[in-house]
Structure formats: C-alpha cells, structure tokens
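K.L.:
Please work out how this folds:
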Amino acid sequence: MLALLIGPRASEDGLGERTGASLGLFAGVAVSAWRDDNRIAWQLPRVGDLPARSQRRKLAGRTSLAPTILSDGTAVQVHGWIDNCRELAAELGCPADDQAHVYGCAVKAWGDEADCKVLGGYCATYHRPGSGELRLARSPLYGPPLYYMHNQDAVAAASVPRVLEAMGLPRVLNRQRLVDSLYFNLTDEESYLKGSFKVPYGAVVHVSAQARRAHRFYDPLKVPKQPRASARDYVDEADRLLTDACARYRDSAHNAGVLLSGGLDSPNVAARLLRGMPQERRLQAFTYVPLEGHGQPDIPGGLADEGPAVRAFCAIHPAIEPHFVDNRDYEFDHRLEDMFLAMGTGTVNLAAFFRYHGIFTAARDAGCDMVLSADHGNFTFSASGNWGYAEYLRKGRLIELWRALRGESLRPGSLGWRFLALAVAPMLPYPVWRLAMHLRGRSIDSDNVEISALRPEALRDFAVEARARQAGTRYERPLYGWREGLIRDNFARGDVEGSDMIQGWEQLYEVSMRDPTSYRPLVDFCLGLPTDMFLRDGQTRWLGRELGRGLMPEAQRTMPGHGQHNSDWHKRLTPRRDDMRREVAAIRADPVLAGLIDTDLLLANIDNWPAAQSIENDIYFPHAFRLPRAIAMGRYVRFMTGSNASHEA
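P.N.:
Numbering: from 1, shown residues only. Just a heads-up that it's a prediction; the model follows:
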C-alpha cells in the first residue's frame, strides 16, 4: 500500500509517524516516511514480500519502501502488479527490476497515454518536483483502490482511505454516498468520507489544491473487433491468452492457490494453472460449500452444492488438493468492524461476501500467499451470449436464432414464447416494455428498490433513482437487446467496492488475491469476438465450454445453469432473527440513518420470516439480501460516528 502528500502540511510535526502507523496498522509495523522538500511518502511492500511477522519490528525501517526517484527528481510509486514490466522496459530501454521506475519512464515517454500500454492491476502516483499537482492512475479492470483529497494545505493520495484521515481529512460522512450505495449505485467518485475521492478504474486523475481533472484512458466499447477467423482459431487464441495469464499470475506468487467452483470459469483457470507447474507441486484449491442440511431444493440446471462437481473435476486432475469451506464459524457480520478499519471505508456488500473470511483463512493455513479468482470470466471467455437472441433477429439470422431458442433449456414455455421473451422483449422501447410488463401483471420495480430498504423520502430528497439511471446502475430489465448494453453495464459499475474488500481481506489474512481473467489482452480479445462465439448452435457460453473440452467432466462442461453460493442463507439467518431486530432498532435510533432506512419494512421482513430456504427473488431479496445489507450499513455508520446504539437497544 502507498501514500503521498505534497504541500505545506508535508512538514507538519508528527505527520510521518501518524500516517506511517495508519498505513502499517495490520502489518504490525509502522511504515517509515520518506521526505523531500514539500512532499512526504510512505509505502508498504505487498503482503507476499513482507518479512515474517516475528521479524518485522526488528526490520521496521527495511519494511518500508521509498518512492522511485527519476533523474529529474520525479517521485513514482506503484502498488500492485505490472504484468508486462519486462516488455515495457525493453521498449523504453530502461532496467526492468523496478516496476515503479519502468512506469515512471513510460509516463515520461508517453504522457497520459502510458497507461494504455501498461498491463496489470495497479495504482500509481507520479509527482514532478516543484509541481503542485499529483498524477494518479489506476489500471482498467482490476487492482488496488486509490483515494485522494485536495485543499490549500495538502494534496494527498493513499491506497487505503483511513490514511487520509491520519493526514488530516475530517471524519464527515457523505450521506449521498450512503443512500446511493444502498441502492447499488457505487459509481460516484466521492467516497463515504466527504472530501475524499476515488480514482476510477481505467483513469488518470490530475489533482492540485484548486482542481482535479480526470481522463478515462480505457473504454471497453472502443475495443476493436477481432479480424475474421475460424471458430477454431478463436478458441486457440483464447486458450493461449488464458494460459499466458494464468502462468504470469501464478508465477508472481510464492505459492498461489485458486478459488474453485463447479462451473466453467474457475475450472478453466485451474486446469491452465497446472500447465507448466512442477510435477511434485500440488495446486491448493478452495471451494464454498453450504452447511449440511441447508434445505435448498435442486436448482434446475444448476448446483445448490458445488462440492460434488469439484470433487469430480479434481478426480481428473489429481495434482489439485481441494479444500471445502462451509464457513460454519462465520456469519454475515463476521469481523465487520475489522474490515471497516482495514478497508478504511465501508460497503454494504460485505454482508454478502462474508464467505471470503473462510476462504482466506483456509488459504493462509494451507501456506498460500495468493489466491487466484475468475471473477471476470463471465465478462470474457464464458460470457453467456444472451444478447444474441435479439441480435440474430435484427440481422435476419433466423436459422441461428431458431437453434438458439430451441437449445434454451432453462426458459419454460413454447418456442414462440421464448422468441417473444428472449428476442423481442429486450429490444422494446422502455415505455413499451413497461406497458407489456404491466399487462402481464409482472413487477416493474427495479432490483435496486427491492434491496435498498430506503425510505420514500430518502429516495426523493437524494434523487437516488435519477442518479442511478444516469449512472446506468438502475436494474429493471433482465436481458439485453444489444451487446453494448451488457458491456456498458459490466464496466460502468467500476469495481463495486470489490477492490476495497480484497484489500481488507489481504490485510487481515496476509494473503493477496488476483484474477487471471482480468488480464487485459484476454479481456480485449473476448470483447472483440463475434456473438456466435458465445451463443452458437443453440449453446450459451459456447467459448467457455469449448475451452473446457477434455479438461472437465462433460456434465459440468455442458451444465446450463450456475452454482449458488447462498444455498444455506435460511439455516444461517433464522437463528439470528432476534439479533437482527436489535440491529434494526439501532438503525431506527441512529441520527444519520433513521431518516434514510425504512426500519418498519425491515422489521416486517423479520416478522414474516419464510418457513424454508429459497432463492426465489421475492423471498431471497428481502430476507437474505436486504436485511444483511441494511444491518452492515448501520454497523458502518456507528463505527464511523462512535455510536454504541446497538449495545443500548
């Protein structure tokens, strides 16, 4: 993690020690400061490069990293990974052993277009001596967060926002951000702390005391189309790029493990991680499984429990050592306050991702310093292609459309009904679509409303719905009529605070996380492929299935549905109803949230508790999603304000 401050406050007494202690809080060591005129910087090595915890206090000064200083005095910091560091160094004619130096040379040579050429998951600071402006950047698709503040006393950036508080940022909550995040609109650059801002993915931001200006250097909608080729050539190239990404990311760790599901994405990654791995080495794999007796009925075409599918996959690949994690010791509010502190911010999404505590614990206990995920798989090689129904209709490709509709096994009804639902409805103008839903007696409320628990007054006073619609994060229509809409949706949301959560878990467990499916050459290649590489011969996710041919059991490779990570929510939450009532009472008593969250609605959800497990939206959303999210928000606000209402309720 990194931090940098320029301006009069750089010489303030105690700033170096106070900020260094905040940056190294979970590493158990204060990070020493580097000073030069009116600037001061701190940086902590990546978790895999830290010395053993027992040695850190003895080596405190050596656990800190000074910025790289270029020949003209420019200070450069990079946190994360640059995947093509050697290739860039060869092109620039500079040494390749310091990625910050390579990055700095790239910016000097190419300016703000440098990040178009730099691949990886990183954030970076760049400051020329005597300049009152910071240049900040984040990679487009994956990587650590980067926050900043600016005023007359200081222009500062840090990869964890608690450090900005140590630098003097007042702790004032941003209520607009609170309500937007409950509505699942996480796109505003101003964070939960007023006066602090987050650098978006794929952006360069220039910040001075007076102003900030942003330049988005990556636009997924402008990725060029791939040259025409055979389906086999496309599959081979996707295989090559995914294999390359897996090797690069695996080799950046001392001992990388993998998150492994019973679906398509992570098994494709795991199989390629084995390529080139020493025969005597085992690949540690970690799989979510539900609690025994979870009660979830079979999911048509999908998996309520991914354990059996993973075991069958591992039988084909004996070099994989599976670990099955049921998180029996963790609940939706596990270590929430620790995560708020580690992240330096809050997110309601923590309640849905508590299972990662078990994964990171298991990975640490297995001796892994990194776990590899496949979160971008659904955006890349295993995209469903479901926009293709409407596209085939528009382009008059009726044979392909007929095959696709006939092959759709999860959509009930006749072929004609599938035609209307999958090909026609996604293209209807919005008012016509709303009318059609009304005539069918279907709800037209957005999913945002279902999960937000916001009071009507809050929706109105903070213009929540209009802001979400403008940001492209108001979710009403389940299918896309144009591929561009899907791409825009997937990338407009940014990291959905995932980078903050990952950085929090990394600090708590000292295991880092990376995603080979976010490798930009692979992403760009897949974005440029024609639709029939994803929806082909009546088969969705065709490319992902072809990449898995011969690498996984056929039942897994051809499974039409998905796995379900919440098959045990009812068993987990039912004993917590009294606790949840107390949490809701605390929200009602909170001066910040009482006027924002509809606590009567939350209490009604608890009082009308379902008798059995279900993942149907009308049951799952209000009980397994809305309630934990609101409670997590309440806990975050009380954490930030110092309120102990939850203990007095």
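K.L.:
switch to C-alpha atoms for all contacts and neighbour counts from now on
P.N.:
Noted.
K.L.:
how would you label W42: helix, strand or coil?
P.N.:
At W42, secondary structure determined by DSSP: H, G, I helix; E, B strand; the rest coil is strand.
K.L.:
Equivalent analysis for V371, please.
P.N.:
At V371 the chain is in strand, as set by three-state DSSP.
K.L.:
Mind listing the residues bridging to it?
P.N.:
Beta-bridge partners recorded for V371 (DSSP bridges): G257, M513.
K.L.:
List the residues that contact it.
P.N.:
By C-alpha atoms under 8 Å, 6 or more residues apart in numbering, the contact set of V371 is 256-259, 363, 511-514.
K.L.:
now those in a markdown table, with neighbour count and pLDDT?
P.N.:
Below are those laid out as a markdown table (neighbours: other C-alpha atoms under 10 Å; pLDDT from 0 to 100):
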| residue | neighbour count | pLDDT |
| --- | --- | --- |
| A256 | 24 | 96 |
| G257 | 28 | 98 |
| V258 | 29 | 98 |
| L259 | 24 | 98 |
| A363 | 27 | 98 |
| V511 | 23 | 96 |
| S512 | 24 | 96 |
| M513 | 23 | 97 |
| R514 | 26 | 97 |
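K.L.:
from those, which single one is nearest D568?
P.N.:
L259 (19.4 Å; C-alpha to C-alpha).
K.L.:
Correct me if wrong: that closest one contacts S266.
P.N.:
Yes - taking contacts as C-alpha atoms under 8 Å, L259 lies within contact range of S266: 6.7 Å.
K.L.:
Identify the contacts common to the two.
P.N.:
With contacts defined as C-alpha under 8 Å, 6+ apart, the residues shared by L259 and S266 are 373-374.
K.L.:
picking up where we left off before, any idea which of the contacts of V371 is closest to V118?
P.N.:
Of the contacts of V371, the one sitting nearest to V118 (C-alpha to C-alpha) turns out to be R514, at 16.7 Å.
K.L.:
domain ranges for the protein?
P.N.:
2-218, 222-381+495-557, 443-481+568-649 (automatic domain parsing).
K.L.:
which residue is nearest the middle of this structure?
P.N.:
G498 (3.2 Å; C-alpha atoms, centre = their mean).
K.L.:
Give me the neighbour count for the nearest residue to F525 once chain neighbours are set aside.
P.N.:
What sits nearest to F525 in space, not counting adjacent residues and going by C-alpha to C-alpha, 6 or more residues apart in numbering, is Q226, at 6.9 Å. By the measure other C-alpha atoms under 10 Å, the count of residues near Q226 is 14.
K.L.:
Kindly report the same for the one 5 residues further on.
P.N.:
Neighbour count of A231, defined by other C-alpha under 10 Å: 14.
K.L.:
Same question for S54.
P.N.:
Residues contacting S54 under the criterion other C-alpha under 10 Å number 9.
K.L.:
now do L535
P.N.:
The burial count for L535: 25, using other C-alpha under 10 Å.
K.L.:
Pull out the buried positions in the helix or strand containing R577.
P.N.:
Using DSSP states H and E, R577 maps to helix 577-589. Residues 580-589 are the ones in helix 577-589 that count as buried (16 or more other C-alpha atoms under 10 Å).
K.L.:
pLDDT and distance to Y480 added to these, as TSV?
P.N.:
Below are those laid out as TSV (pLDDT from 0 to 100; distance: C-alpha to C-alpha, whole Å):
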residue	pLDDT	distance to Y480
M580	97	37
R581	97	39
R582	97	41
E583	97	38
V584	97	37
A585	97	40
A586	97	40
I587	97	37
R588	96	39
A589	96	42
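K.L.:
Where does the prediction get shaky in the chain?
P.N.:
58-63, 443-445, 643-649 (pLDDT under 70).
K.L.:
pull the longest helix from it.
P.N.:
Using DSSP state H to define each element, the chain has its longest helix at helix 231-251.
K.L.:
Quick one: residues contacting A114.
P.N.:
Counted by C-alpha under 8 Å, 6+ apart, A114 has contacts 106-107.
K.L.:
Give me the distance between the residue nearest to the centre of the chain and V179.
P.N.:
18 Å (C-alpha to C-alpha, to the nearest Å).
K.L.:
now swap in R9 and tell me
P.N.:
For R9, the distance to V179 equals 33 Å [C-alpha to C-alpha].
K.L.:
sorry, back to before: need the buried residues of helix 577-589 in JSON lines with distance to L303, can you?
P.N.:
Output for those, formatted as JSON lines (distance: C-alpha to C-alpha, whole Å):
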{"residue": "M580", "distance to L303": "29"}
{"residue": "R581", "distance to L303": "32"}
{"residue": "R582", "distance to L303": "34"}
{"residue": "E583", "distance to L303": "32"}
{"residue": "V584", "distance to L303": "33"}
{"residue": "A585", "distance to L303": "36"}
{"residue": "A586", "distance to L303": "37"}
{"residue": "I587", "distance to L303": "36"}
{"residue": "R588", "distance to L303": "38"}
{"residue": "A589", "distance to L303": "41"}
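K.L.:
just curious, which of those residues is nearest to R212?
P.N.:
Using C-alpha to C-alpha, the buried residues of helix 577-589 come closest to R212 at I587, 35.6 Å.
K.L.:
circling back: same list, the domains of the chain, but as a markdown table with distance to L422 please.
P.N.:
As requested, the domains of the chain are arranged in a markdown table below (distance: least, C-alpha to C-alpha, whole Å):
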| stretch | distance to L422 |
| --- | --- |
| domain 2-218 | 26 |
| domain 222-381+495-557 | 13 |
| domain 443-481+568-649 | 7 |
